[in-house]
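# with the input below, show me the fold.
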Amino acid sequence: MTVETIVQSLASGLLMGLLYGLIAVGLALIFGLMDVTNFAHGEFLMIAMYASFFLFTFFAIDPLLSAPLVAAAMFVFGAVIYLLVVRFAMRAKANAGMVQIFTTFGLAIVMRGLAQLFFTPDYRSIPQSWLGGKTISVAGIFLPEPQLVGALVSIAAFAGLYFFIHRTDFGRALEATREDPGAVALVGIDKNRVFAFGWGLGAALVGLAGAIMAVFFYIYPDVGASFALIAYVTVALGGFGSVFGAFAGGIIVGLVEAVTALMLPPSLKSVGIYAVYLLVVFIRPRGLFGSM
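Numbers count the residues shown, from 1 in each chain. Have a look, this model is predicted:
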């Protein structure tokens, strides 16, 4: 094992870690806003990847160009899911937490089943894209262009999200609703509108990640499951409800995954991720940057 190999692996892990953070931040945002864990989060990613695939297949729109369109469509999809499904689950008088869990878990099963029905279980991919299969060399380190662009998009998305939450009126309404949903109604803020916007924003962010990942990852109905597990670990590691925690947690997960792959067979690269997660849970149960 040479220094070049280690640096190459860490660089690849950093790029994937930033993408993991982008996948996870929508989950963290929704949990922080409503104390609801979206167990259909992986299926949101899957839908976004299929959307990019079909836009390329039928309209020859490169995933890089279709990413904003997919994010906008996913925003609408996420808001509609809240208004038609989650909103009613939150009204449960007894065992509200379990009702919300089973609602989003059931939604995930339905979405996955419909994807298998309409799209078939076949693996699909985007054969030719602007970034597909290309690499760039930086000081002798080869960086895949899709992951590099994805990392840059992730950084830009986190910067935009930070600005939105802390520098806009609607962002402050999100924060206020997060702190006390009951009190915001007294000042004229419609919490259902804020919650719908939060679900839409969370879905848009994972949609953005899905559009980028469609360039270099196979697309099939179960693709969201593995990334959903990584997203849950990322959010728990960084701290539930913490946007910055999702960003930092994604980077940590990516680097740990890369280091583990150097020491163990590639099929066991997830072992390091879950080992670090368990260690953090024992030492700091609320996560590295959580305040719960």
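
# helices of the stretch 101-250 of the chain, start to end?
Counting by DSSP state H, counting those that start in this stretch, the segments of the stretch 101-250 of the chain that form helices are 145-167, 169-179, 181-184, 191-213, 223-238, 243-263.

# which helices and strands does the one helix or strand in the chain whose mean pLDDT sits lowest pack with?
Taking mean pLDDT, DSSP states H and E as the measure, the helix or strand of the chain with the lowest value is helix 181-184, at a mean of 73. For helix 181-184, the helices and strands in contact under the criterion 3 or more Cβ pairs under 8 Å, 6 or more residues apart in numbering; DSSP states H and E are helix 169-179, helix 191-213. C-beta here means a position set from N, CA and C on the backbone, and glycine is covered the same way.

# so what does the shortest one touch, helix or strand wise?
This means helix 169-179. The criterion is 3+ Cβ pairs under 8 Å, 6+ apart, and the helices and strands that helix 169-179 contacts are helix 3-34, helix 145-167, helix 181-184, helix 191-213.

# in stretch 192-203, what counts as buried?
Across stretch 192-203, burial judged by 16 or more other Cβ atoms under 10 Å covers 194-203.

# just those now: which is nearest Leu69?
Nearest to Leu69 among the buried residues of stretch 192-203, counting by Cβ to Cβ, is Ala203 at 13.7 Å.

# ok, that closest one - contacts?
Residues counted as contacts of Ala203 (Cβ atoms under 8 Å, 6 or more residues apart in numbering) are 26, 44, 74-75, 77-79, 81.

# make it 6 Å
When contacts are counted by Cβ atoms under 6 Å, 6 or more residues apart in numbering, Ala203 is found next to 44, 74, 77-78.

# dump those to a markdown table, plus neighbour count.
As requested, these are exported to a markdown table (neighbours: other Cβ atoms under 10 Å):
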| residue | neighbour count |
| --- | --- |
| Phe44 | 31 |
| Met74 | 27 |
| Phe77 | 19 |
| Gly78 | 27 |
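
# relative to Pro181, which of those residues is nearest.
Checking the contacts of Ala203 against Pro181 with Cβ to Cβ, the nearest one is Gly78 at 18.6 Å.

# got a list of what that closest one touches?
199-200, 203.

# apart from its chain neighbours, what residue comes closest to it?
With sequence-adjacent residues excluded and distances taken as Cβ to Cβ, 6 or more residues apart in numbering, Gly78 is closest to Ala203, at 2.6 Å.

# please report how far the one you found lies from Ile47.
As defined by Cβ to Cβ, to the nearest Å, Ala203 lies at a distance of 9 Å from Ile47.

# ok, now Phe282?
Going from Phe282 to Ile47 by Cβ to Cβ gives 36 Å.

# so between the two, which is more surrounded?
Here Phe282 and Ile47 are set side by side on neighbour count (other Cβ atoms under 10 Å), and the busier one is Ile47, at 23 against 8.

# for the more buried one, pull up the helix or strand it's in.
Per DSSP states H and E, Ile47 falls inside helix 41-59.

# nice, that's everything, thank you.
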